[in-house]
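[1] How does the following fold in three dimensions:
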Amino acid sequence: MKIRTDFVTNSSSSSFTAIIKIEMKDGTKIEWEGRSSDGEGDDEYYELSVLKSPKTLAKAKDIDELISMLNRTVLDDCGGGGRYVQVGDQFENELAGYEMSDISRISISGNEDNYEIYHRKYTYDLKSGRYYGIELGGEFEKNGGSGGDLRFDIQDCDVEYKDAEEDPINLKESSNNIEDLLKSLKDLLQNYENEEENAEEGK
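    Numbers count the residues shown, from 1 in each chain. Coordinates of the predicted model:
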């Protein structure tokens, strides 16, 4: 496993999906998802930047503080004037019935929707205190439009890198359908996550 010691940076893809997921000890998963495309297409946001890491969010003293932090975690460039994206009433209401001690894991994902493959997910396990992640593929060239970014520190995150060319996704066939490609990425990352969880439980 390679350990990365710099900041999460991004790239020049035209479309980007950010996902914040909170997993409870009772098995409940509460998820927020936002999609941006650099002002192109029909996506709700212009250019999303995720500013706080899962480990930072896990430091909230209670659920109210966690909700407040979440509402200042995702920034939308809005084509020149930034504004914080609110996670919404449904997300807040689902969290409201829990305590911080009920949370098992917090994870944040960033997915590039392009003919190339670049998928990242970083997770903080509140029980073990472990901060780990996976990066699938590689960064795109810096010049060009950007659909979004993960802009938090991963200096103490154990990151495993996967080469897209070694993984079973036919990009040439999938690239004609962004939804199919994104589903393939999510399925592949879920397989890695299941392997990680099984290994953790076996310790």
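
[2] Okay, now the unreliable bits of this protein?
    For the chain, the stretches with pLDDT under 70 are 1-14, 38-43, 79-80, 113-117, 138-147, 163-203.

[3] Glu44 is in contact with Val74, correct?
    No - checked against C-beta atoms under 8 Å, the pair Val74 and Glu44 is beyond contact range at 11.6 Å. In short, each C-beta sits where N, CA and C put it, glycine included.

[4] So between those two, which is more surrounded?
    A count of neighbours by other C-beta atoms under 10 Å puts Val74 above the other of Val74 and Glu44, at 24 against 11.

[5] burial count for the residue lying closest to Gly82 once chain neighbours are set aside?
    Distances taken as C-beta to C-beta, 6 or more residues apart in numbering put Leu75 closest to Gly82, at 5.1 Å, once the chain neighbours are dropped. Number of residues near Leu75 (other C-beta under 10 Å) recorded here: 19.

[6] beta partners of Leu75?
    According to DSSP bridges, the partner residues bridging Leu75 are Ser49, Tyr84.

[7] give the contact list for it.
    Leu75 sits next to Leu48, Ser49, Leu51, Gly82, Arg83, Tyr84, Val85 when contact means C-beta atoms under 8 Å, 6 or more residues apart in numbering.

[8] Quickly note the distance from Ala58 to Thr123.
    10 Å (C-beta to C-beta, to the nearest Å).

[9] Please disregard the earlier target; I meant Arg35.
    On the measure of C-beta to C-beta, Arg35 and Thr123 end up 21 Å apart.

[10] Which parts of the protein are helices?
    Taking DSSP state H as the criterion, the chain contains helices spanning 54-57, 63-70, 89-96, 171-174, 178-201.

[11] just the contacts of Leu75 now: which is nearest Asp153?
    Leu51 (10.2 Å; C-beta to C-beta).

[12] Pretty sure the closest one sits against Leu70.
    No - the criterion here is C-beta under 8 Å, and Leu51 misses it with Leu70 at 10.9 Å.

[13] higher neighbour count, those two?
    Using other C-beta under 10 Å, the more surrounded residue of Leu51 and Leu70 is Leu70, with 24 against 14.

[14] which residue packs closest to the more buried one, ignoring adjacent ones?
    Here the residue nearest Leu70, using C-beta to C-beta, 6+ apart, is Val87, at 4.9 Å.

[15] And that neighbour, how close does it get to Glu31?
    Separation of Val87 from Glu31 (C-beta to C-beta): 10 Å.

[16] more crowded one of the two?
    Taking neighbours as other C-beta under 10 Å, Val87 and Glu31 compare with Val87 leading, 19 against 13.

[17] give me phi/psi at the more buried one?
    Taking degrees, to the nearest 10, you get phi -70, psi -20 for the backbone angles of Val87.

[18] how about Lys127, what does it touch?
    Contact analysis of Lys127 by C-beta under 8 Å, 6+ apart lists Ser104.

[19] Okay, now the sheet partners of the longest strand along the chain, with direction.
    With DSSP state E setting the assignment, residue counts place strand 103-113 as the longest strand in the chain. In the sheet, strand 103-113 lines up against strand 16-24 (antiparallel), strand 117-125 (antiparallel) (DSSP bridges).
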